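K.L.:
below are the sequence and a predicted model for it; my questions follow.
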Amino acid sequence: MNPDTIAIEPYSYGPRGEATLFQVGSFSGTPFGNVTFAASIQTSEMVELDSRMINTTPEEFATWVDDEVFFKFLATKAGFTPV
């Protein structure tokens, strides 16, 4: 698995497939303002089913010291349950 990808509880996209991966892509903003992260929601075969833009406050962004922990936070904020 890519270091920018975490596992999530299976989430059905109906006939399109079942999402089990949450991949964090790029982000934009400033450390002292709101920061927006782009995320890809994927199947276990890394086929993208959806994408999300997740906004964080400066306080939330400041908690980013460990990628896995922060990416789980972003997944939760986007409505998914990290594994």
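P.N.:
Here it is on my side, so go on.

K.L.:
chain neighbours aside, what residue packs nearest to residue 8?
P.N.:
Among residues not flanking residue 8 along the chain, residue 80 sits closest, at 4.4 Å (Cβ to Cβ, 6 or more residues apart in numbering). Where C-beta positions appear, they are placed from N, C-alpha and C, glycine not excepted.

K.L.:
what about the one you found, which helix or strand?
P.N.:
Using DSSP states H and E, residue 80 sits in no helix or strand.

K.L.:
and the helices in the chain?
P.N.:
Using DSSP state H, the helices found in the chain span residues 58-61, 67-77.

K.L.:
out of these, which gets nearest to residue 18?
P.N.:
helix 67-77 (15.4 Å; Cβ to Cβ).

K.L.:
where in the chain is pLDDT low?
P.N.:
31 (pLDDT under 70).

K.L.:
give me the buried positions along the longest strand anywhere in the chain.
P.N.:
As assigned by DSSP state E, the longest strand anywhere in the chain is strand 18-29. For strand 18-29, a neighbour-count test (16 or more other Cβ atoms under 10 Å) marks 19, 20, 21, 22, 23, 24, 27 as buried.
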